[in-house]
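1. Predicted model and sequence follow; I will ask about them next.
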Amino acid sequence: MRFALIDAGVEILNPVQTSARYMEPERLKREFGRDVTFWGGGCDTQMVLPGATPQQVREHVRRRLEILMPGGGFVFSQVHNVMADVPPENVVAMLEAPSNSAATERPPPSLGQVTGRRLVRRKTLIRRCAGRHTGLG
């Protein structure tokens, strides 16, 4: 059962509900990071975003980037919707943290470091997603 979704061809997981049981970012990356792209999980919207200070939000996001970014397969996004009780300065801190993180300063992998099969699938997915939103697909 553990690999059923991967065997079925699922390549992207969204949402990445990191506060749910067995969804710890370290575990997800270790066990599935070679086969699945994680779309989300960059910031906890349940506890951290509404209740932390902007500095704590930045530190939380940086830790998530350090866990989920290595080797690729991560699209930064918060876990779920941002609710009305979240201080606006925390939203700004969440959105600015990736551009100010040491984790994002590493150069992207060269094409030689990415398997051809996975690269082709990602390009196809990006084209499909872009087509849905622009009417091109």
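-> Nice, thanks for sending it over. Numbering: from 1, shown residues only.
2. Would you map the strands across the chain?
-> Using DSSP state E, the strands assigned to the chain run over residues 12-13, 37-39, 74-75.
3. quick one: low-confidence parts of this structure?
-> Across the chain, the ranges flagged by pLDDT under 70 are 1-3, 101-137.
4. quick one: the helices in it?
-> With DSSP state H, the ranges of helices along the chain come out as 4-7, 25-32, 48-51, 54-68, 88-96, 116-134.
5. about what we covered before: most tightly surrounded among the strands of the chain?
-> Most buried of these by mean neighbour count (mean count of other Cβ atoms under 10 Å) is strand 37-39; its value is a mean of 21. Glycine gets a C-beta too; all of them are placed from N, C-alpha and C.
6. Name the residues that touch that one?
-> When contacts are defined by Cβ atoms under 8 Å, 6 or more residues apart in numbering, strand 37-39 is touched by residues 11-16, 25, 28-29, 68, 72-75, 77, 122.
7. go with 6 Å
-> Applying Cβ atoms under 6 Å, 6 or more residues apart in numbering, the external contacts of strand 37-39 come out as 12-14, 16, 68, 73-75.
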